[in-house]
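> Need a 3D model of the following:
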Amino acid sequence: MKIGDYLEIPETKKVILIKLTHADLLKIWKRCGLTANYGASYLISSCPEKKDVMNSVSMILNELLENAAKYSDEEMGSIELTITLSGDSAILQVDNIIDEQRYMIFRKFADKITNCEDVNSLYIEKLQSFGENDGMKSGIGLLTVLSFFNPKMGFMFQPLKEANKYKVSVQAAMPIEGATTCR
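Model prediction:
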């Protein structure tokens, strides 16, 4: 099931693929930021004239990684980070495995934020209700990404053979003018 602006990415277009474990990221939380900074630096090193977007890429990657680390299934805690250049965009994607309960909650949240007319109002509403138990912690990270960076967001949920497990892919496509000329 796809929600939002999810793009199928051919293997030949992928710039970087990093496989991590959620246990390592949770154990040393700083690794989310370090991995995000590495991914952003790696991407921008191929187009140094686009250095101004490096912090934005890093922030988005950090939020995607933190969500994957927090909500991954403990038994199947592998997380994949993929960065792709396609046209004039960088597509930042994080894949992880979640259980059925988290799938139901996250699918509903993904649908809500991708179909929201006014993300900024939803962001303010979440800030005001921060700390209340809504079953999904807060969702503030993804709303921050949408409010401040306005990427095209896409989600794909795939049921796995293992009972009650789902692979979730979260994408944020961010315009980087002239990305096709990066080497």
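
> what about the residue nearest to Tyr38 when sequence neighbours are not counted, distance to Lys126?
Of all residues not flanking Tyr38 in the chain, Ile18 sits nearest, at 8.0 Å (Cβ to Cβ, 6 or more residues apart in numbering). Just so you know, the C-beta spots here come from the backbone N, C-alpha and C atoms, and that holds for glycine as well. Separation of Ile18 from Lys126 (Cβ to Cβ, to the nearest Å): 29 Å.

> report the longest helix in this protein, please.
With residue count as the measure and DSSP state H as the assignment, the chain has helix 54-71 as its longest helix.

> Find the centremost residue of the protein, please.
In the chain, the residue lying closest to the centroid (Cα atoms, centre = their mean) is Leu64, at 3.3 Å.

> Cross-check the contact I'm expecting between that one and Val168.
No - no contact is recorded between Leu64 and Val168 when judged using Cβ atoms under 8 Å, the distance being 10.9 Å.

> the bottom helix or strand of the chain by mean pLDDT?
Among the helices and strands of the chain, helix 22-27 carries the lowest confidence by mean pLDDT, DSSP states H and E, at a mean of 81.

> Residues touching the next helix or strand after that one, excluding its own?
Using DSSP states H and E, the helix or strand that follows helix 22-27 in sequence is helix 30-45. By Cβ atoms under 8 Å, 6 or more residues apart in numbering, the surrounding residues in contact with helix 30-45 are 15-16, 18, 20, 24-25, 50-51, 53-55, 57-62, 65-66, 69, 81, 83, 85, 90, 92.
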